[in-house]
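In: Sequence and predicted structure below; questions after.
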Amino acid sequence: MNPWVLLDEAEVPGDGGKMKLYQRAFEFSISVKNDELMNSRMHGSEDALAELACKHVADRPTPRVLIGGLGMGFTLRAALEHLGANAEVVVAELVPAVVKWNQSHLADLAERPLEDSRVEVRVSDVGLVIKEQTEAYDAIMLDVDNGPDGLTHEGNDRLYSRGGLNAAKAALKPGGMLGVWSAEPDPAFTKRLRGAGFKIKEVTVRARGKRGGRRHTIWLAEKKA
Ligand SMILES: C[S@@+](CC[C@H](N)C(=O)[O-])C[C@H]1O[C@@H](n2cnc3c(N)ncnc32)[C@H](O)[C@@H]1O
């Protein structure tokens, strides 16, 4: 078995500790505070997040969607695949090094999505991007952490709070879709989504394409038209 090689490391803004990028043969891993956040061999549910949310809005004339964060670019690639040529995809990433890694070591994993002319990258907390505009997005997809319970950035709790959900709802166009990824179910979060007035569907999807028993949770929360 090949050993893991550390390729680079960076500070997570807001005292989130160190984020590290490792490679072992063709496999990549990103960790935060020495916990694995993302592995390139497992992205079935990250793809599904974009597929499920974008399918809902792909028929609109010029769909505009927001993804937070970039990670290894799999959700972004899936969004591009499920949206047409007129779409605009804004991707907000908190850690500048992650954008740099997607332009270098990780670029080919998801077929260089940052080079697609429909993509705008914002190096920013997605929570701030959400608050910039109202009725601006047809869909918002959040995969910034292990789920509503956080790991990367303590401030992420705000995104999943009632206030964060209200902000996401305000940033969505009528009938728009909020998609949220999580490693685990979270009944309290389901309740909060419902309390914020979304029409919700909770689905479990395979972590790794058609293989393996491990499953992740995706909430699809529709802003009523
Ligand atoms: C699990 S990864 C995302 C994986 C991604 N869905 C994919 O397909 O590769 C989480 C990403 O969100 C970023 N992130 C964490 N908190 C964030 C925030 N508040 N705003 C924007 N990006 C954030 C992390 O730096 C990391 O790149």
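Out: It's in.
In: residues in this structure within reach of the ligand, list them.
Out: Proximity of the chain to the ligand, by C-beta under 6 Å from any ligand atom, involves residues 37-38, 43, 46, 68-75, 92-95, 98, 125-127, 143-145, 152-153, 156. C-betas here are computed from N, CA, C, even on glycine.
In: now, which of the residues you listed lie within strands?
Out: Leu37, Met38, Gly68, Ala92, Glu93 (DSSP state E).
In: For the spatially closest residue to the second one that is not a sequence neighbour, I want the exact helix or strand it lies within.
Out: Read that as Met38. In this structure, Met38 finds its nearest non-sequential neighbour in Ile30, 4.6 Å apart by C-beta to C-beta, 6 or more residues apart in numbering. Secondary structure assigned from DSSP states H and E places Ile30 in strand 27-32.
In: distance of Leu220 from Phe26?
Out: 32 Å (C-beta to C-beta, to the nearest Å).
In: Comparing the two, which residue is more hemmed in?
Out: Between Leu220 and Phe26, counted using other C-beta atoms under 10 Å, Leu220 has the larger neighbour count: 21 against 10.
In: that older thread, can I get the buried part of the ones in strands among the residues of the chain next to the ligand as one ChimeraX selection?
Out: Buried residues within those, by 16 or more other C-beta atoms under 10 Å, are selected in ChimeraX with:
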select :37,38,68,92,93
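In: Columns pLDDT on top of the ones in strands among the residues of the chain next to the ligand, output as JSON lines?
Out: Output for these, formatted as JSON lines (pLDDT from 0 to 100):
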{"residue": "Leu37", "pLDDT": "92"}
{"residue": "Met38", "pLDDT": "95"}
{"residue": "Gly68", "pLDDT": "98"}
{"residue": "Ala92", "pLDDT": "98"}
{"residue": "Glu93", "pLDDT": "98"}
